[in-house]
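Asks: I would like the atomic coordinates for the input below:
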Amino acid sequence: MSRKFPYYIKICITFIGSFLISQFLVNTLFITNTTTPDWASFQSNILDMNQNVGSAGQTIIGNLIASFTPSKINSSSISDTQLPPSPLPTSSNLFGFETIPTKKPVVAQPTNPPFSLPALPFIPTRKPTQKPKVSPVPSPKPNPTSPPKPTIQPIPIVEFPKVSGDPLKQTWYGKKSYACYTQERFIQVYANGVNPDSCRSNVKKAIEAQNTTIKLLGKTITIHEKAYPAFKAVADTLEQYKKDSTHYDFPSKPNYEIKNVGAYVFRCNVNASKSGKNEVCSPDCVLSPHSFGIAVDINYGENCNGCKTYDMPEEIWKTFESYGFRWGGHYPLINSYIDPMHFEYMKDLCEGI
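Replies: Next up is the predicted model:
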């Protein structure tokens, strides 16, 4: 006669059986990570347990196996290649239940939480800058140069000879001075001997074609080129007394100022003509030595024509006379009006007379 157990004892037996089965499964499948589960041994153990427990235990074991899934197995210790080819045991093949096919375990991939970068500040797109255009540099054009003006070259002299003897005893101061001091003689020597027309324009043209310039006592004057050597000798001699651009330290008159110097001008001789000095077309006009570029006036304000007093330094008039000039300050020697500012070159005019 079978002995009936109280209900609470059945519950305890069921609980104890469930606990033992769970410990077995844990020790067999989940604790050891270095071994591969032996599904054949597992199935044999389950069958032994199924024979030793009652219907309540079989129910618990069936439910436990039915609820078991391979996803609870540690994925780090069991790989796909280590799984047996047969499906996991279920309650069907242990206890005669219908077999439920199982899927290949899928290892869940961890999903990262959505992450978004903070919005970057707006940076405007920089427009490409255009390269500056290189302007072609024009090649410098040569400045047009005008042809140089022909300059009148001074007549070179080595040394102009001084007159021999006393200048006051030369021909131009003696009785023969009138013979060499005529219009015909002037035109013959300095105007190429042309036959003067009514206004002497051809004489003027012939003279000006032979004129040149020279610097005398700091002033530039125009003279006839034939008289240039004599003027140059005088200018060089007086240059030794030069103090500055306008003053000369002559022994007879220190710090003497040269105010003006005049030479060529085509006009009548005021002392020898009955006409006005500019009436060159008048038959009463006698051309001045200034018209031929052989005479010069110096400081005519202080040494005026006809003045009995003058301040012409001795060094000036003696230098002129030593090179063949006649000084107007000595005109009384030839019975003419005194003209201390005036110097005229006479040597070439009186040569051979």
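
Asks: Does residue 319 belong to a helix, a strand or coil?
Replies: Using DSSP: H, G, I helix; E, B strand; the rest coil, the structure places residue 319 in helix.

Asks: For it, which non-adjacent residue is closest in space?
Replies: Excluding its sequence neighbours, the residue lying closest to residue 319 (Cβ to Cβ, 6 or more residues apart in numbering) is residue 237, at 5.0 Å. (Glycine included, C-beta is placed from N, CA and C.)

Asks: what's the burial count for the one you found?
Replies: A count of nearby residues for residue 237, using other Cβ atoms under 10 Å, gives 18.

Asks: And the helix or strand it falls within, what does it pack against?
Replies: Per DSSP states H and E: residue 237 is located in helix 228-238. Counting contacts by 3 or more Cβ pairs under 8 Å, 6 or more residues apart in numbering; DSSP states H and E, helix 228-238 packs against strand 211-216, helix 314-322.

Asks: Pull the first one out as PDB, backbone CA atoms only.
Replies: Listed next in PDB are the C-alpha coordinates belonging to strand 211-216 (Å, rounded to 0.1, in the frame of the first residue of the first chain):
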ATOM      1  CA  ASN A 211      83.200 137.700 -84.800                       C
ATOM      2  CA  THR A 212      84.000 135.600 -81.700                       C
ATOM      3  CA  THR A 213      83.700 135.900 -78.000                       C
ATOM      4  CA  ILE A 214      86.200 136.200 -75.100                       C
ATOM      5  CA  LYS A 215      86.100 136.800 -71.400                       C
ATOM      6  CA  LEU A 216      87.900 140.000 -70.300                       C
END
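
Asks: buried sites along it?
Replies: If you call a residue buried by 16 or more other Cβ atoms under 10 Å, then strand 211-216 has these buried ones: 211, 212, 213, 214, 216.

Asks: Put together CSV for those, with distance to residue 262 and pLDDT on each row.
Replies: Below are these laid out as CSV (distance: Cβ to Cβ, whole Å; pLDDT from 0 to 100):
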residue, distance to residue 262, pLDDT
211, 14, 98
212, 16, 98
213, 13, 98
214, 13, 98
216, 10, 98
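
Asks: Would you mind giving the residues you listed as JSON lines with distance to residue 307 added?
Replies: Shown next, in JSON lines, are the buried residues of strand 211-216 (distance: Cβ to Cβ, whole Å):
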{"residue": "211", "distance to residue 307": "29"}
{"residue": "212", "distance to residue 307": "31"}
{"residue": "213", "distance to residue 307": "29"}
{"residue": "214", "distance to residue 307": "27"}
{"residue": "216", "distance to residue 307": "22"}
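
Asks: now, which of those residues sits nearest residue 343?
Replies: Closest approach between the buried residues of strand 211-216 and residue 343, by Cβ to Cβ: residue 216, at 10.0 Å.

Asks: contacting residues around the closest residue to the closest one other than its chain neighbours?
Replies: In space, and not counting its chain neighbours, residue 216 is closest to residue 235: 4.7 Å by Cβ to Cβ, 6+ apart. By Cβ atoms under 8 Å, 6 or more residues apart in numbering, residue 235 lies in contact with 214, 215, 216, 217.

Asks: Just the closest of these to residue 184, please.
Replies: Residue 184 lies nearest to residue 214 out of the contacts of residue 235, by Cβ to Cβ, at 27.0 Å.

Asks: The closest one reaches residue 220, doesn't it?
Replies: Yes - if you go by Cβ atoms under 8 Å, residue 214 and residue 220 touch, sitting 7.3 Å apart.

Asks: ok, back up a step: following the helix holding residue 237, which helix or strand shows up next?
Replies: strand 247-248.

Asks: And that next one, what does it pack against?
Replies: Here strand 247-248 touches strand 256-257, going by 3+ Cβ pairs under 8 Å, 6+ apart.

Asks: still on that earlier bit, export the helix holding residue 237 as PDB, just CAs?
Replies: Extracted C-alpha coordinates of helix 228-238, given in PDB (Å, rounded to 0.1, in the frame of the first residue of the first chain):
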ATOM      1  CA  TYR A 228      91.500 137.700 -80.600                       C
ATOM      2  CA  PRO A 229      95.200 136.900 -79.900                       C
ATOM      3  CA  ALA A 230      95.900 140.500 -78.700                       C
ATOM      4  CA  PHE A 231      92.700 140.500 -76.500                       C
ATOM      5  CA  LYS A 232      93.600 137.100 -75.100                       C
ATOM      6  CA  ALA A 233      97.100 138.300 -74.100                       C
ATOM      7  CA  VAL A 234      95.700 141.300 -72.300                       C
ATOM      8  CA  ALA A 235      93.000 139.200 -70.500                       C
ATOM      9  CA  ASP A 236      95.500 136.700 -69.300                       C
ATOM     10  CA  THR A 237      97.800 139.300 -68.000                       C
ATOM     11  CA  LEU A 238      95.100 141.200 -66.000                       C
END
